[in-house]
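[1] Need coordinates for the below:
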Amino acid sequence: MPTHLASSPRAAQFALIFITMIWGSTFLAVQYALNFSSPMFFVGCRFAVAALAILLISINSIRGLTLKETLAGSAIGVVIAIGYGTQTIALQTILSSESAFLTALYVPLVPILMWVIFQKRPSLMTWVGTALAFTGLVLLTGNGFSGIHLNYGQVLTLICAFVIALEIILIGYFAGKVNLRRVTVVQLAVAALLSFASMPMVGEHKIPEFSWALLLIAVALGLASALIQFVMNWAQRMVDPTRAAIIYAGEPVWAGLFGRIAGERLPLLALLGGLMVVLGVLVSELNGTSPNKKSAKKRSMLLMTLSF
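    Residues are numbered from 1 along each chain as shown. Now for the predicted structure:
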C-alpha cells in the first residue's frame with residue numbers, strides 16, 4: 001500500500017465502508033450456501049476456514065497460548081457456535097435482509113444485559129435506541145402493533161442477537177486480560193468443532209455431498225474474515241470511533257441492498273422496521289460520550305470477532 005494511503009484518514013474511512021459492504025453481503029452468501037449444505041455443517045466449515053486463516057497470520061503469537069486464553073477462547077467459541085448456528089438455521093426460512101436487521105438488535109441488547117448482569121445503568125440514549133429498535137422489530141414481523149407474531153426463523157434470529165450480545169460481554173470481560181489474537185484462533189476452532197459435533201442434535205445425520213460452490217463460499221467467507229480483521233486493525237487507528245460506529249451501523253443496510261439486488265422484496269412496513277432498527281442501533285452507539293483510544297481499541301476487537 002502506498003505510504004500516503006497508509007496514513008490517510010479518508011482512505012481508512014473508505015476501507016471501513018468497503019469491509020462493511022463485505023460484512024453485509026455475508027448474509028446472502030450464507031443463505032446461498034444452504035443450497036449445497038446443511039446449516040451446522042456449513043457453520044463448521046466457515047469457522048474452520050476462518051480459524052485456519054487467522055492462525056496463518058498469527059503463527060508467531062500463537063506459541064505463547066496460555067491456559068487462561070484457552071479457557072476464554074473456548075467459552076466464547078461455545079457462544080459463537082450457538083449464535084451463528086441459530087442464525088444460519090433461521091436463514092432457511094427468512095430473507096437474508098430480514099436476518100441482518102434482526103441480528104443488529106444485539107447492539108441495544110448489550111447495555112441492557114450489562115445492566116442486568118453487572119448493574120451498569122444504561123444511558124438515556126441507550127433506552128431511546130432500544131425503544132426505536134423494538135418498534136422496528138414489531139414492524140419487521142409484518143403485523144404492526146395490531147398483532148405481534150414471530151415465525152420460527154425470526155425467533156431463532158432473535159436468539160442469535162441475544163447470544164451475540166452475550167458474546168460481546170464475554171469478549172469485553174476478557175479484553176485487556178488476554179491476547180485477543182490467540183483467543184480468536186481458539187474460539188473459532190472451538191466454534192467449528194462444536195458446530196460439527198452438534199449436527200446430529202439438529203437432525204443433520206450425514207455430510208453433504210462435495211460441491212465446488214460450497215467450498216468456494218466457505219473459503220471466501222474465511223478469507224473475508226481475515227481481510228476484515230486486517231483492515232479494522234489498520235483503519236481504526238485513523239478513524240474516529242464515533243464515525244466508525246456510524247459506518248458499521250450500515251451493515252444491515254448493505255445486506256438489505258444486496259438482498260434486493262438478488263430479488264428479495266421486504267414489505268414496505270418491514271423495510272420501515274429495518275430502518276428503525278438501524279436508527280436504534282445508531283442512537284444506542286452515539287450516546288454523546290467521546291470514546292478514548294482504549295475503548296476504541298476494545299470495540300475494534302469486539303467487531304473483529306463479529307465479522308466471522
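
[2] right, and T184 touches A72 too?
    No. Contact status for T184 versus A72: not in contact, 10.4 Å apart, counting by CB atoms under 8 Å. Heads up, the C-betas are built off the backbone N, CA and C, glycines and all.

[3] For this structure, just list every one of the helices.
    Assigned by DSSP state H, the helices in the chain fall at 3-6, 9-33, 39-57, 67-90, 96-103, 106-118, 124-140, 152-174, 180-197, 212-235, 241-248, 251-261, 268-285, 293-306.

[4] Select, out of the ones you listed, the one closest to K206.
    In terms of CB to CB, the element of the helices of the chain nearest to K206 is helix 39-57, at 9.2 Å.

[5] in that closest one, what's buried?
    Buried residues in helix 39-57, defined by neighbour count with 16 or more other CB atoms under 10 Å: 39-55.

[6] returning to what we had before: winner for burial among the helices of the chain?
    helix 96-103 (a mean of 27; mean count of other CB atoms under 10 Å).

[7] contact partners of that helix?
    Residues outside helix 96-103 that contact it (CB atoms under 8 Å, 6 or more residues apart in numbering): 24, 27-28, 30-31, 87, 90-91, 94, 136-137, 140, 153-154, 157-158, 160-161, 164, 251-252, 255-256, 258-260, 262, 264, 266, 270, 273-274, 277-278.

[8] Tell me how many other residues crowd the nearest residue to L214 once chain neighbours are set aside.
    Nearest non-adjacent residue to L214, counting by CB to CB, 6 or more residues apart in numbering: F36, 4.1 Å away. By the measure other CB atoms under 10 Å, the count of residues near F36 is 19.

[9] Which residues are in contact with L170?
    Going by CB under 8 Å, 6+ apart, L170 touches 72, 75-76, 79.

[10] in the stretch 1-150 of the chain, which ranges drop under the pLDDT threshold?
    Residue ranges of the stretch 1-150 of the chain with pLDDT under 70: 1-7, 141-148.

[11] Contact partners for L214?
    By CB under 8 Å, 6+ apart, the contact set of L214 is 33, 36-37, 42, 45, 208.

[12] now those residues as a markdown table including distance to L193?
    Shown next, in a markdown table, are the contacts of L214 (distance: CB to CB, whole Å):
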| residue | distance to L193 |
| --- | --- |
| A33 | 19 |
| F36 | 22 |
| S37 | 17 |
| F42 | 15 |
| C45 | 12 |
| P208 | 18 |
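
[13] Of these, which is the nearest to Q13?
    A33 (30.5 Å).

[14] quick one, what contacts that closest one?
    42, 213-214, 217-218.

[15] circling back to that earlier point, just curious, which of the contacts of L170 is nearest to M232?
    I76 (17.6 Å).

[16] That closest one reaches I171, doesn't it?
    Yes. Counting by CB under 8 Å, I171 is a contact partner of I76 at 6.2 Å.

[17] does L156 really touch T86, like I thought?
    Yes. Counting by CB under 8 Å, L156 does reach T86; the two are 4.5 Å apart.

[18] and the residue nearest to L214, what are its phi and psi?
    Phi and psi for F36, reported as degrees, to the nearest 10, are phi -120, psi -10.

[19] What distance do you get for it to A192?
    F36 sits 18 Å away from A192, going by CB to CB, to the nearest Å.

[20] Tell me the confidence at V253?
    pLDDT, V253: 85.

[21] An error on my part: the question was meant for P267.
    81.

[22] What are the phi and psi values at it?
    According to degrees, to the nearest 10, P267 has phi -60, psi 160.

[23] Tell me how many other residues crowd it.
    11.

[24] how far away is it from G153?
    Taken as CB to CB, the span from P267 to G153 is 15 Å.

[25] Over to G203?
    The spacing between G203 and G153, counted by CB to CB, is 16 Å.

[26] what's the answer for G85, then?
    The gap separating G85 from G153 is 13 Å, by CB to CB.

[27] cool, M238 as well?
    39 Å.

[28] again with Y106
    Y106 sits 17 Å away from G153, taking CB to CB as the criterion.

[29] I94 now?
    Using CB to CB, I94 is found at 4 Å from G153.

[30] Same check on Q31?
    Separation of Q31 from G153 (CB to CB): 11 Å.

[31] Need the overlap of contacts for those two.
    Contacts common to Q31 and G153, judged by CB under 8 Å, 6+ apart, are 91, 99.

[32] Skip the chain neighbours and tell me the closest residue to S195.
    With CB to CB, 6+ apart, the residue lying closest to S195 is G44, at 3.6 Å.
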